[in-house]
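Engineer: need the 3D shape of this:
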Amino acid sequence: MCGALLLISACSESDKLTLSSGGKAEYSIVLPDAPTLVETTAARELKKHLDEITGADFAIVGESKADSSKPLLIVGNSSLVKAFLPAVDVTQLPYDGIVIETIGKNIVMVGHPVRGTLYAVNTFLEEAAGVRWWTSTESYIPKAKRLKVPMLHINYAPHLIYREAFYKEALSNEVFAARMKCNGDFSKITPQYGDYHKFQYFVHSFYPILPPQKYFDKHPEWYSLVNGKRTNQWAQLCLSNDAMREEFIRNAIDTLRNHRGMDFISISQNDCHGACQCEKCQAIVKEEGSESGPLIRFVNSVAEEIEKEFPDIWVETLAYQYTRKAPQKVKPRRNVVVRLCTIECSFSQSLDEGEHNKSFREDIEAWSKIADHLFVWDYVTNFTSYMLPHPNIHTLASNIRFFIKNNTIGLFEQGDVYCDAGDFVRMRNWVISRLMWNPGLDENQLIDEFLTGYYGEKAAPYLRQYWDLLTNRIKESEVYLRCYMKNTADWLTVPVYAEAALLMKQALDVTKDETLRNRIHREEIPLKFVLLLENERFKAYEKENGSSPVTLPDPETALTEFMALLKEFNVTIIREDFSPNANHIQWVEQLLRSKLFPEDKQD
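Structural biologist: Got it, this is the predicted structure:
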């Protein structure tokens, strides 16, 4: 059933089920007599939204008090599910799997015991009732005193068991995270909304598990030999050292004993190079044809011991930078998950085609041949500047499908989680979340739906043209669009910028509703930032061509207005920077002032 198609039966209006009529609920919501936390939440969510849609008061009752002579909305694994769906064993459903089934005039909504029933209800509200949750605070709830829903036959489970969209909107509210069907470690969803996958150490765990400050003085041989010297500075562990491995295993198991309820433990290299160059480690590298050889052998031995006491915990490791190439002989154990990272990739081209990402494509395909379970850390923003246009949305869907095709069970989509207003971050989060749940969805339909629903029907065509314009330009330029880009000079020409700015202006001009105008106004930030940041390039174009479609007659006023715009939309972090004294607003104003008024620089 994993990945099975969602099916909504085509039916006439007369065939649809009427949940309410004239503001009166025709259905009761039925829970098991002893519901789980998630089932209780699911029923409350269903009632809340149906009440809001219809103006009616939908009752929630236990199964023993349900009037079976009347139509029922059956939520959770009650005896009614067994009666109506005898072939469905909820305990055997795939992870996060859902079942929504119309039986006569009754509708059953149930799912995998962890959180599936809540996902089933949320899917029903989306697919049958037309609810859309755009952000944690903004949604579309239709109004219909006479609410009719189509016949539903949905039997589905996602390919990805771990789904995380690393955006501020995604992680600011557990209810919204659950509605987006995200369940990653950073979401911190409480049990009543389905809980989340817990990592012990999210990444780069070698030194947290075997800290040099505790061990290095007595056991320098446990750490990397680099340039003939044992070191713990910008280095790793000596993975072939048996005594080190024994102590590492003891520490890893101890931390799992002290942190119960973990789903994953990361046994992964530090965030640097510095692989051990000792004779024994390098002999394994030579035999395996990759630095991943000693890593996977080491992780396998750790995972074997962990499995004895914690058989349900995944042991995750990295295939990252110098370990990205798959080994030739050793294979990851059944409880090992290998996480690849797209940090070196180009996001102007899809990963499954084009020359930019050929080496990564070959690496993940090689890993998928030897590993049944992969994890991907994907980069979907520009960490140098969250404010710059970053037209990679055309690659998001195909990349997610490519990951799944290559045995990926977990996906961490790292967006600009620290930023309130970047490059259409709310649309990105919504589209990515929907695709992680169901990669078979049409990404263009998703984009159009969000543009129309969130920015308004009148503005949507202009915003769609805006995105198509930037997307086509990035493709034509063949620029290597990294996740670290300082400016747009390599691809965004002055004429294209002018057209993009006009489309944004037209979207604003046709929009009268202040809420919608405010949303569009926020999306102007990237274009305004480009004009200030790259003013010298724009002036050079005008000088070379005698005229320009883009001018900045009053830089000081433009800078003042831009800084006010950042304040208006609560933008406090504009790039990846975790230093304790970072003042991003002051920094960006100084940066832009230096670009606009270079003659004021002090020698």
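Engineer: got the contact list for residue 249?
Structural biologist: By C-beta atoms under 8 Å, 6 or more residues apart in numbering, the contact set of residue 249 is 301, 302, 305, 306. For every residue, glycine as well, the C-beta is placed using N, CA and C.
Engineer: from the residues you listed, which is closest to residue 377?
Structural biologist: residue 302 (20.3 Å; C-beta to C-beta).
Engineer: and the closest one, what helix or strand is that in?
Structural biologist: With secondary structure defined by DSSP states H and E, residue 302 is part of helix 292-309.
Engineer: try residue 549
Structural biologist: Using DSSP H and E, no helix or strand contains residue 549.
Engineer: and the gap between it and residue 559?
Structural biologist: 21 Å (C-beta to C-beta, to the nearest Å).
Engineer: just residue 394 next, same as before
Structural biologist: For residue 394 relative to residue 559 (C-beta to C-beta), the value is 32 Å.
Engineer: quick one on the thing from earlier: residue 549 and residue 559: which is more packed in?
Structural biologist: Set residue 549 next to residue 559 and count neighbours by other C-beta atoms under 10 Å: residue 559 wins out with 20 against 16.
Engineer: where does pLDDT dip in this protein?
Structural biologist: 1-14, 580-581, 601-603 (pLDDT under 70).
Engineer: swap in 50 and give it another go.
Structural biologist: Across the chain, the ranges flagged by pLDDT under 50 are 1-5, 9-10, 603.
Engineer: most centrally placed residue in it?
Structural biologist: Among the residues of the chain, residue 165 comes closest to the average C-alpha position under C-alpha atoms, centre = their mean, at 1.9 Å.
Engineer: any idea what that one is bridged to?
Structural biologist: residue 413 (DSSP bridges).
Engineer: could you check how far it is from residue 434?
Structural biologist: 10 Å.
Engineer: what of residue 284?
Structural biologist: 43 Å.
Engineer: one more: residue 297?
Structural biologist: Relative to residue 434, residue 297 is positioned 39 Å away (C-beta to C-beta).
Engineer: next, residue 163: secondary structure please.
Structural biologist: Put simply, residue 163 is strand when judged by DSSP: H, G, I helix; E, B strand; the rest coil.
Engineer: how many other residues sit next to it?
Structural biologist: Counted with other C-beta under 10 Å, the neighbours of residue 163 add up to 26.
Engineer: correct me if wrong: it contacts residue 437.
Structural biologist: Yes - with contact defined as C-beta atoms under 8 Å, residue 163 reaches residue 437; the gap is 6.7 Å.
Engineer: overlap in contacts, those two.
Structural biologist: Between them, residue 163 and residue 437 share these contacting residues under C-beta under 8 Å, 6+ apart: residue 181.
Engineer: correct me, but residue 166 touches residue 417?
Structural biologist: Yes - Residue 166 is within contact range of residue 417, at 4.8 Å (criterion: C-beta under 8 Å).
Engineer: which SS state does residue 562 fall under?
Structural biologist: Under three-state DSSP, residue 562 comes out as helix.
Engineer: got it, and residue 317?
Structural biologist: With three-state DSSP as the basis, the three-state label of residue 317 is strand.
Engineer: name the element residue 410 belongs to?
Structural biologist: Assigned by DSSP H and E, residue 410 belongs to strand 408-414.
Engineer: off-centre distance for that strand?
Structural biologist: For strand 408-414, the separation from the chain centroid amounts to 7 Å (computed by C-alpha atoms, centre = their mean, to the nearest Å).
Engineer: just stretch 540-551 next, same as before
Structural biologist: 40 Å.
Engineer: check stretch 542-555 too.
Structural biologist: That offset, for stretch 542-555, works out to 40 Å (C-alpha atoms, centre = their mean).
Engineer: contacting residues around it?
Structural biologist: In contact with stretch 542-555 (C-beta under 8 Å, 6+ apart) are residues 494-495, 497-498, 501, 531-532, 535, 538-539, 541, 558, 596-597.
Engineer: for the residues you listed, work out which two are farthest apart.
Structural biologist: 495 and 597 (26.0 Å).
Engineer: quick one, helices of the stretch 351-500 of the chain?
Structural biologist: 358-370, 393-405, 425-437, 443-455, 460-477, 494-509 (DSSP state H, counting those that start in this stretch).
Engineer: what's the most buried one of those?
Structural biologist: Among those, ranked by average contacts under mean count of other C-beta atoms under 10 Å, first place goes to helix 425-437 (a mean of 24).
Engineer: what angle do it and helix 460-477 make?
Structural biologist: Counting by axes from the mean of the first three to the mean of the last three C-alpha atoms, to 10 degrees, helix 425-437 lies at 80 degrees to helix 460-477.
Engineer: which elements pack onto helix 425-437?
Structural biologist: strand 162-166, helix 168-171, helix 393-405, strand 408-414, helix 443-455 (3 or more C-beta pairs under 8 Å, 6 or more residues apart in numbering; DSSP states H and E).
Engineer: can I get the ones you listed in TSV including distance to residue 63?
Structural biologist: Listed next are these as TSV, based on distance: least, C-beta to C-beta, whole Å:
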stretch	distance to residue 63
strand 162-166	31
helix 168-171	35
helix 393-405	37
strand 408-414	35
helix 443-455	36
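Engineer: out of these, nearest to residue 70?
Structural biologist: That would be helix 443-455 among the helices and strands packed on helix 425-437, by C-beta to C-beta, at 34.1 Å.
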